[in-house]
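> model this:
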Amino acid sequence: MFAAAALAISCEGRAGDMPDWPWEDPEVEAPEQQPEEIPVEDATLDKWSDVSADFGQLPDYVKVYKSPETLEGKKAVAYIAIADMTSAQWDIWSINDAAMEGTEDAFKTPSTVFGEGNWPIVINAGFFYASGGKNYSSSLAVRNSEVLAYNINYASEDWVTMYYPTRAALLESESGDFDACWTYRTWDNHYMYPAPAENTWEAKPAKQPTASYPEGGEEFAAKTAIGGGPLLIDGGKFRDTYVEELFNGTSGIGPDSNQPRTAIGVTADKKMITFVCEGRQMTDGVAGLTTADVANVLLDLGCVEAINLDGGGSSCMLVNGKETIKVSDGSQRAVGSTIMIK
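As a prediction, this is how the structure comes out:
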């Protein structure tokens, strides 16, 4: 679980019912000061190596690539799987926490999920945690139009002042179109928005999202969707809205520090790109990337929609059941959700 007190889950306005957070896996190392403009370099696909053959037989419409030695000016070990979604299918496994009250459903390692379906591609997905003998999801998961879990609908650094952030999701509509958006679950409705609620830890909380705030809200609808955050790319433009989504600060995911990362994006011609990068010196000199770095890499690879997913010790991508990066826990972590492609 990619740490965050701000990722604890509850129904709107029920701060008194929040479960205790176990404070495992603190994610934030000393944040690194980022330059005003992060250069894009050595990330175009022709700089990546096609390593599909290293992982056995794959469908013709799925390719796997290893990164060049540097990404965004940093030593890197990263992999992407590119799936042509005119032929491929993606699916979601998640614990069922639709009631937002925790569940006895077990977390699973990516290898366990692979063993249950022999998926060519499996990656870890959304945020999650365990408390009081129950397992909780903090990220949206939709499978066959059924919501299995929602994005967390509040956050706090002191559990006194409460914020109500909209958080990122990548969804596929019934018509087969892909979109990255921000979502919010109210007491009795679920909305998606073309822009995030304007929150920041440095200001008083923005009002709770509704049908009319932020502007352009619609009732949520998707055939398949996965949540996480921050949103990285929307409409072909760099976003990285970790401030508005409240993923920074002492309880955040260290968006401006180098970490192992997992992300997912889609190109204009419906190629789905799943991304993982190594970090925490599992390979000497490889510290990881910031969320801005990941956004720039995916932009350079042609993504027009993309979101960040759970990272740190959760980051893992399997190709035909074989690990790509060295996971930073030393072994695969059991997670709350995965994305699978076949």
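> quick one: the strands in the stretch 51-200 of the chain?
62-66, 70-71, 74-75, 78-84, 90-94, 121-124, 128-131, 134-137, 141-143, 146-149, 167-172, 178-185, 190-193 (DSSP state E, counting those that start in this stretch).
> list the strands paired with the fifth one, with their directions.
Strand 90-94 has its sheet partners listed here by DSSP bridges as strand 337-341 (antiparallel).
> what does the strand it pairs with rub up against?
62, 81, 83, 88-95, 108, 110, 113, 117, 119-126, 128, 137, 139, 141, 148-149, 226, 264, 272, 274 (C-beta atoms under 8 Å, 6 or more residues apart in numbering). Any C-beta I mention is one placed from the backbone N, CA and C, and that applies to glycine too.
> I'd like to know which of those are buried.
Among the contacts of strand 337-341, those buried by neighbour count (16 or more other C-beta atoms under 10 Å) are 62, 81, 83, 88, 90-95, 108, 110, 113, 119-126, 128, 137, 139, 141, 148-149, 226, 264, 272, 274.
> show me what contacts Val64?
Contacts of Val64 by C-beta under 8 Å, 6+ apart are 50-52, 54-55, 58, 79-82, 319, 324.
> please name the nearest non-neighbouring residue to it.
Here the nearest residue to Val64 in space, its sequence neighbours aside, is Ser52; by C-beta to C-beta, 6 or more residues apart in numbering that works out to 4.7 Å.
> one more: Ala268?
Closest residue to Ala268 apart from its sequence neighbours, by C-beta to C-beta, 6+ apart: Val304 at 5.0 Å.
> ramachandran coordinates for that neighbour?
phi -110, psi -10 (degrees, to the nearest 10).
> quick check: it vs Lys271, distance?
Going from Val304 to Lys271 by C-beta to C-beta, to the nearest Å gives 10 Å.
> burial count for the residue nearest to Cys303 when sequence neighbours are not counted?
Leaving aside its sequence neighbours, Cys303 sits nearest to Gly265 (C-beta to C-beta, 6+ apart; 3.3 Å). By other C-beta atoms under 10 Å, 28 other residues sit near Gly265.
> rounded mean pLDDT for the strand or helix carrying Gly265, please.
Per DSSP states H and E: Gly265 is located in strand 261-267. Strand 261-267 comes out with an average pLDDT of 98.
> give the contact list for the residue nearest to Tyr79 when sequence neighbours are not counted.
Of all residues not flanking Tyr79 in the chain, Thr324 sits nearest, at 4.0 Å (C-beta to C-beta, 6+ apart). Counting by C-beta under 8 Å, 6+ apart, Thr324 touches 64, 66, 79, 276, 316-318.
> where are the low-confidence patches of the stretch 201-342 of the chain?
Within the stretch 201-342 of the chain, the segments meeting pLDDT under 70 span 251.
> for it, which segments count as helices?
291-300 (DSSP state H, counting those that start in this stretch).
> hey, where'd the strands end up in it?
218-219, 224-227, 231-234, 237-238, 261-267, 271-277, 303-308, 317-319, 322-323, 337-341.
> nearest to Met162, out of these?
strand 224-227 (19.8 Å; C-beta to C-beta).
> given the closest one, what are its sheet partners and their directions?
Partner strands and pairing direction for strand 224-227 (DSSP bridges) are strand 141-143 (antiparallel), strand 167-172 (antiparallel).
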